[in-house]
Every structure is written in C-alpha cells, then in structure tokens.
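Undergrad: turn this into a structure:
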Amino acid sequence: MTRSTLANGVTVVTEQMPHVRSVAVGIWLTAGSRGETLAENGLSHFLEHMLFKGTANRSAEDIASEVDSIGGHMDAFTSKELVCFSAKMLDEHLPVAFDILSDLVLNPLFREEDVEKEKGVILEELKMEVDNPEYLVHELFSANFWKGHSLGKPILGTKASIKSFHQAMVREYYQRNYVPSNLVISAAGNVTHEQLKQLVERYFGSLPPAPTNLSGQPAPLPNPTLVFKNKSSLAQVQLCLGVPGHPMSHDMRFPTYILNTILGGGMSSRLFQNIREKRGLAYTVASEQYLYRDSGVLSVYAGTSQASLPELLRLVLQEFRSLKEKPVSATELNRAKDNLKGSFMLSLESTSSRMSHLARQHIYFSRFSTMDEILQSVDKVTADDLQALANEFFQTDRIALTVLGRLNGFKLERENLAC
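TA: Reported below is the predicted structural model:
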C-alpha cells in the first residue's frame, strides 16, 4: 500500500495486485450528508446524481456508452460521511476510465433543466424508500437518537428540502465541498502507484488548494429516547433498539465487532437462534453497527407481530443481561472470531473491495493495517473484553427504542427496559 499527497492536498492511495487483470479506482469525497445544513439536507446525494447528468465534454449518454465500450462498470454512493464515484475496468483501460470518472467530478454542467428533472427522480426514490417500513423505522430511530444533529437527518433529504433545491444552491455546495483537501483517490489491482499518481496529477493537479470545512462539525450527543409511532397500514411491527457505541477508529473496535457478531451478526448468533429459530417470533432479527469518525451506535432491528412484541423485547434484553453477567464461552468466542476473519478476508478478494478498504483506512485511521495485523487484532480479543463492553453499552438509561406499526396502544416505560 502506497500513499502520496499532491501539492494542492489531493491524496492518492494504491495497492498493487499484479496477479489480477482488473483495476478498481474510486474518487472519494470526505464530506457526506452530515456536513449539510437543515436547508441543504439531501444535497450531497442530489449532487451525486447530478454529476452523471453530463459534463462540459460528455453527455449523460456519452458517459454510459463510453463505459460500456470498455466493458467497465461505474457506480456511486452517498453516506453520512462519504461520497464515492468508482469504476472497475481491465487494467489496459484505466486511462480511459479515469478520464471519464474525473470528467464527471471536475466538469459537471448543473443545467437548470437537469436540476428540475432530477428533483422529480429523487422525490420518487424517497417515496419508494418511505414505503419500505424497514427504511422508515431506521430513519425514525436515527432522527431521534441523533436529535438536533445532522447525523440524524436522512441522506436522501426530505420532500420539502429536495423541492427547494435550485441551480445556484447546487453549484455553491459543489464549489464549497469538492475541494482538494476533501478528495482521496484510491485504486487497487494491476496498477502501480506511479501510474495512478500521474493520472491524478494530470486531471486534479491544477485544482487550487482550499481549506476543508470538516473540522468545525461538532460531535453528536446521543439522545436515548423511547418512540412509539402508530402506522396501521403495516402488517408487522418494526423496531430498532440501540445504545451509544464507539467511533470507527476506537481502540475497542475489534471487541465491538465480535460482540455484534455474537449478539446478532449471523445465523448462529444469539438473537437469530433464540428469537427466530427456537421461538419463531420473527423472520428478520439482527444486530447492526453504525460507526462514524466521532461516534457510533450498536442496535438491534426486528420485525414481528404486535402480539409477539413484548416477548421479543424481553428476549433481546435477556441477551443484553446475559452478555453482562456471564463471560462468553471459548467455543462461542472462537466461532465469532473465525466468522469475522472469514467475512473480512472474503470481502477483500475483489479489487473493488480492496480499493474501498484502502480509502477508508486512510480516511478514518490515517494508516494502513496489514491483513496480518487485522487478523491478530481479532485474535487478541478476550471474553473479558466482551463482558466489559457489554457492561459499558447495555445500561437501561442508555437504551433508545423506536417502534413502528399497528401498535393498538402498546407502550413501555424505561423501567421496562431494565437489563
């Protein structure tokens, strides 16, 4: 893994994989939706769409046909803290693919008619997501857990915020955020660092340096509230129950990964076995982690019937209590470690996942851990580490709960969540 930084602040990171014939390259922006003001909510995601609508050199159709003509694949996503534009192609086509990808990011047109058209597209995307109860309960949970902070705002934005977007607003947001100090360009595959650096210098080297605006973003304060929202059109009750966790780069991140795996991270997890397999109370039940640069949350998601809801909650709290009171057995600990190591290693077999891993390592850790270092960190986790984490996380006054569905008057007080 090799890293260098251009004079203007653009960072280049690469990993050469000479045994493959492909290259995956990503242009990463370290300014996702959490950097938006209330009026700008959804603008990062909107910009991601707009960059595919045409450039000074290519129409939207040209972009698609040129990528297809080299047998490549192009993609993009927006998260709370990152935006990424990526491409994967045969190694011989890297110069062409990078030309297309950099053209998207550097030369967008932001035509007024395209802005108006894309507002309609994203409003339809929002309707589709709001019709999904799993999406809806997670958004409700996040909005209340991070109340008053941009982390609690939806990545897509709201109907009102999307409708308010206009050409000048889009252009100003782009100019403010798409600056060299916010850009990380990563590649993995059959490519040398010098090859990528030369391409980055050619296309991005003339960008004027500009200060990042990330340093002024405050860390969020968790708000563990209980929310019960009736939605009689739903056949199931959806719930999210969570506690504050640690940031992405925290020293206890590996014990947290394993705790999550044991609690609800797979088919052999405690929640899956005890709630779905043994009692048949839910089709979907799992624990999840959402980690950010200065905060995090560990949560449980499930969908069940209103009649089964009290029992399901009782069983989740019982697992919290068990993890606090009794050390995890050596057998269960080793199984979780092997699961985590296997999942991690298998996920890094493609050039795309290696490219993504490289960028995230630089953005969140400012260093690159080798595979051996990561596996050793997993192996070092002890049952005492997990018990200490469980006692830190699973406290009654730290639990947040969001329940959505046909509730028929169902409600709980905090003392009912004792664990």
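Undergrad: distance check, Thr284 against Asn408.
TA: 21 Å (Cβ to Cβ, to the nearest Å). Where you see a C-beta, it was placed from the backbone N, CA and C, and this is true even at glycine.
Undergrad: of these two, who's got more company?
TA: Thr284 (14 against 11; other Cβ atoms under 10 Å).
Undergrad: not counting sequence-adjacent ones, nearest residue to the more buried one?
TA: The shortest distance from Thr284 to any non-neighbouring residue, by Cβ to Cβ, 6 or more residues apart in numbering, is to Gly303 (5.3 Å).
Undergrad: output the helix or strand where the one you found lies in CSV with nothing but the alpha carbons.
TA: Gly303 is part of strand 296-304, with elements assigned from DSSP states H and E. What follows is strand 296-304, C-alpha atoms only, in CSV (Å, rounded to 0.1, in the frame of the first residue of the first chain):
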residue,chain,number,x,y,z
GLY,A,296,-21.3,5.2,16.9
VAL,A,297,-24.4,3.1,17.7
LEU,A,298,-25.0,-0.6,18.2
SER,A,299,-28.6,-1.5,17.5
VAL,A,300,-31.0,-4.4,17.1
TYR,A,301,-33.6,-4.5,14.3
ALA,A,302,-36.5,-6.9,14.1
GLY,A,303,-39.9,-7.2,12.5
THR,A,304,-42.7,-9.1,14.4
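Undergrad: check the offset of that strand from the chain's centre.
TA: Relative to its chain's centre, strand 296-304 lies at 15 Å (Cα atoms, centre = their mean, to the nearest Å).
Undergrad: ditto for stretch 89-105
TA: Worked out by Cα atoms, centre = their mean, stretch 89-105 lies 25 Å from the chain centre.
Undergrad: also stretch 2-13?
TA: With Cα atoms, centre = their mean, you get 24 Å for stretch 2-13.
Undergrad: in that stretch, which residues are buried?
TA: Within stretch 2-13, the residues that count as buried by 16 or more other Cβ atoms under 10 Å are 3, 6, 8-13.
Undergrad: distance between the ends of that stretch?
TA: This stretch, stretch 2-13, spans 6 Å end to end (Cα to Cα, to the nearest Å).
Undergrad: same check, this time on stretch 154-169
TA: OK, stretch 154-169 end separation, Cα to Cα: 19 Å.
Undergrad: run through who's touching it.
TA: 32-33, 38-46, 78-80, 110-112, 115, 119, 122-123, 125-126, 129, 139, 142-143 (Cβ atoms under 8 Å, 6 or more residues apart in numbering).
Undergrad: also stretch 260-268?
TA: 269-273, 285-289, 298, 300, 319, 323, 328, 332-333, 335-336, 339-340, 386.
Undergrad: inside strands: which ones of the buried residues of stretch 2-13?
TA: Among the buried residues of stretch 2-13, the members falling in strands (DSSP state E) are 3, 11-13.
Undergrad: tell me the one of the residues you listed nearest Thr212?
TA: Thr212 lies nearest to Thr11 out of these, by Cβ to Cβ, at 11.7 Å.
Undergrad: OK, contacts around the closest one?
TA: 3-5, 183-185, 362.
Undergrad: using CSV, please lay out these together with distance to Glu349.
TA: Converted to CSV, those look like this (distance: Cβ to Cβ, whole Å):
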residue, distance to Glu349
Arg3, 22
Ser4, 26
Thr5, 29
Leu183, 27
Val184, 22
Ile185, 22
His362, 21
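Undergrad: closest to Glu134 among those?
TA: The nearest one, if we look at the contacts of Thr11 relative to Glu134 and count by Cβ to Cβ, is Val184, at 31.1 Å.
Undergrad: before I go, just wanted to say thanks for your time.
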